[in-house]
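Q: Coordinates for the following, if possible.
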Amino acid sequence: LLQHSRSAMEFKSIHKSWGQPHDESALKSRASSSNLTGLMRIGKTRANRSVTLPQVNKRLQSLEKDYRKLLACVCRKLSVPVALIQNMAASKIGKGVSELVAAGCTDTGKYLALFPIEIKHAVGANEQILQNILEISQTLQKFSQQPSTSSLDIMRALHTITHCLEGAPHLYFDNHTTQILSWWLPQFIEILSVVLLLSDTNTDGSSQILKDNNTVESYFNCYRANIVIVVYLLTGAYLVDQSLTTRIQEIEKDIAAKELYCATQLEEKTKKITSSIRKRLHSACKDCSDFSIPKDQPLAGRVKKAPHQIRSWKDIYESLPPVSSTSAYLFTLDIPQELCIHLGMDLPDPSVRSPSLTFAAPHPLHTLLEKVSKIGHTLESVRNYWPISFSDSDSRLLTRTALVVAADAEQLCKLEVVPFAVPESWDNWLVYTTLLRTFLDYVILLIVRKAPKSQAEDILGKMIVQTRFMNQLAKIEAAEECIFPV
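A: Model (predicted):
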């Protein structure tokens, strides 16, 4: 297949224009000259029906299990207990969402009405993304039920969702939404792949004639069951269930007094942390001239990834049957590269299977400071995004972002391993996590009263610098280990 197809770069350049706004006539014109070429290339993978069908059925057996494992991984990254999702599915709200999905409802307002009123703080700018997912899921259901599907409609389904995600700038600083979509989008890609793999092209190439409705419908049923979870996560209902939205109600009671308290705490604690770390750094520099925290553990700490361990979609992709992996790969070539990389869907060439390699377990302190750095990047994005004139959509977006950072901050307070060996490092870390909670209350206060951009930039800038300064803890720890080897 790959010998008879164009290179990945050439294939991507053909479809580059699809990320831009377009009218219907232009859409059809480009599709006829480029996207149908992609369909023909994918069609080559199904040339041998006796080989294709067994592989597609084999994939169906592991489909649900694989995405459950991937969901568990996503939940760990979001610090969301899997039990929370299980309880939701069995609750009145979960059953209501399931009924709406089964009925083909695409009205996001009806879904949001099922949740507590605090959901308005948690959904942010995700409502439009959810709307597109619900609509495109209805299209997938039609694909699984009708005897034939327009070839153009298959590619349009993919481009509709990628166009929506490209138009969602918050995706690049809302780590939670990124993780949720990195779980959903691969499932969507797999359904499109199955529709093509189990179809034959008509004489003029304009339609795909489905040859096995039952198998495609089985795939779609697994997908539809997971849409209930997508609704729960994208709306931010898990933030409500974890009581993170209650902070907003408490803050709104006495804005002036709370803002004064937050400003005072921010000033005092940043000075305390800075002074303490600088003092310890001065001592460390005298004791050890060369220090750096190792990013990886020694060779003895290297471990081999278990055969069925799933940490991202790439792990699932590597275990797919050949026809499934090739088809999925060709679809991802038509997704903008930046979006693919951001969602962890930049897949290797299926003709080149990577060997199972060992990887070094990251140093606990490096992992912790990496999480802190991500919070710093998010705060930097909020600072740049802060509007001169607030709109309702600005308030919703910033409020959700503050709640997401608050959830990440709570994760920093629940360390599985204490990565410090220096008492002063631990003391400064505790002060920093307390400061971060107070600071996020401050940010919510600024959003509630729609603070001027200049004031927000000053306050956010102070915390961004303080967050970056926390990396100095690595030097303190490394210097201490230089004196007292462990």
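
Q: Leaving out sequence neighbours, find the closest residue to L233.
A: Nearest residue to L233, sequence neighbours excluded (Cβ to Cβ, 6 or more residues apart in numbering): I180, at 4.6 Å. For the C-beta atoms, the positions are set from N, CA and C on the backbone; glycine is no exception.

Q: same deal with Q249?
A: Going by Cβ to Cβ, 6+ apart, Q249 has E118 as its nearest residue, at 7.7 Å.

Q: ok, and what's touching the helix or strand harbouring R400?
A: Following DSSP states H and E, one finds R400 within helix 392-412. Contact with helix 392-412 is made by 78-79, 120-126, 170, 173-176, 236, 239, 242, 244-245, 247-248, 368, 371-372, 374-375, 378-379, 382, 385-387, 433, 436-437, 440, 443-444, 447, 450, as judged by Cβ atoms under 8 Å, 6 or more residues apart in numbering.

Q: can you map out the strands along the stretch 1-150 of the chain?
A: Secondary structure of the stretch 1-150 of the chain (DSSP state E, counting those that start in this stretch): strands at 148-150.

Q: low pLDDT regions in it?
A: Residue ranges of the stretch 1-150 of the chain with pLDDT under 70: 1-50.

Q: the helices in it, which residues?
A: Ranges of helices within the stretch 1-150 of the chain are 8-14, 24-30, 36-43, 49-78, 82-90, 92-102, 108-112, 119-123, 126-145, based on DSSP state H, counting those that start in this stretch.

Q: how about a markdown table for the ones you listed, with mean neighbour count and distance to P423 added?
A: Putting those into a markdown table (neighbours: other Cβ atoms under 10 Å; distance: least, Cβ to Cβ, whole Å) gives the following:
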| stretch | mean neighbour count | distance to P423 |
| --- | --- | --- |
| helix 8-14 | 14 | 53 |
| helix 24-30 | 12 | 64 |
| helix 36-43 | 19 | 60 |
| helix 49-78 | 17 | 29 |
| helix 82-90 | 14 | 36 |
| helix 92-102 | 17 | 46 |
| helix 108-112 | 17 | 48 |
| helix 119-123 | 23 | 38 |
| helix 126-145 | 18 | 42 |
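
Q: export those to CSV and tack on distance to L185?
A: CSV is the format used below for the helices of the stretch 1-150 of the chain (distance: least, Cβ to Cβ, whole Å):
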stretch, distance to L185
helix 8-14, 17
helix 24-30, 21
helix 36-43, 17
helix 49-78, 12
helix 82-90, 19
helix 92-102, 18
helix 108-112, 19
helix 119-123, 19
helix 126-145, 9
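
Q: Which among those helices is found nearest to E424?
A: E424 lies closest to helix 49-78 among the helices of the stretch 1-150 of the chain, at 29.9 Å (Cβ to Cβ).

Q: The closest one vs helix 392-412, what angle?
A: Interaxial angle, helix 49-78 versus helix 392-412 (axes from the mean of the first three to the mean of the last three Cα atoms, to 10 degrees): 80 degrees.

Q: Give the other helices and strands that helix 49-78 contacts.
A: When contacts are defined as 3 or more Cβ pairs under 8 Å, 6 or more residues apart in numbering; DSSP states H and E, helix 49-78 packs onto helix 82-90, helix 175-197, helix 213-234, helix 313-318, helix 322-332.

Q: Kindly recompute the last result at 6 Å.
A: Secondary-structure packing of helix 49-78 (3 or more Cβ pairs under 6 Å, 6 or more residues apart in numbering; DSSP states H and E): helix 175-197, helix 213-234, helix 322-332.

Q: Nearest approach to A256 belongs to which of those helices?
A: helix 175-197 (31.2 Å).

Q: what is the mean pLDDT for that closest one?
A: The pLDDT scores in helix 175-197 average 95.

Q: Check stretch 214-232 too.
A: 94.

Q: Export that stretch to CSV, keeping only CA atoms.
A: Output of stretch 214-232 as CSV, limited to C-alpha atoms (Å, rounded to 0.1, in the frame of the first residue of the first chain):
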residue,chain,number,x,y,z
ASN,A,214,-23.9,-5.9,11.8
THR,A,215,-20.2,-5.6,12.5
VAL,A,216,-20.3,-1.8,11.9
GLU,A,217,-23.3,-1.5,14.2
SER,A,218,-21.4,-3.4,16.9
TYR,A,219,-18.5,-1.0,16.7
PHE,A,220,-20.9,1.9,16.9
ASN,A,221,-22.7,0.6,20.0
CYS,A,222,-19.3,0.5,21.8
TYR,A,223,-18.7,4.1,20.6
ARG,A,224,-22.2,5.3,21.6
ALA,A,225,-21.8,3.9,25.2
ASN,A,226,-18.6,6.0,25.6
ILE,A,227,-20.3,9.1,24.3
VAL,A,228,-22.2,9.2,27.7
ILE,A,229,-18.8,9.5,29.4
VAL,A,230,-17.6,12.1,26.9
VAL,A,231,-20.7,14.3,27.8
TYR,A,232,-19.9,13.9,31.5
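
Q: For that stretch, list every residue counted as buried.
A: For stretch 214-232, burial by neighbour count (16 or more other Cβ atoms under 10 Å) applies to 215-216, 218-220, 222-224, 226-232.

Q: Could you list the residues in contact with that stretch?
A: Identification of contacts with stretch 214-232 by Cβ atoms under 6 Å, 6 or more residues apart in numbering yields 60, 63-64, 88, 97-98, 101, 111, 137, 144, 184, 187, 191, 194, 198.
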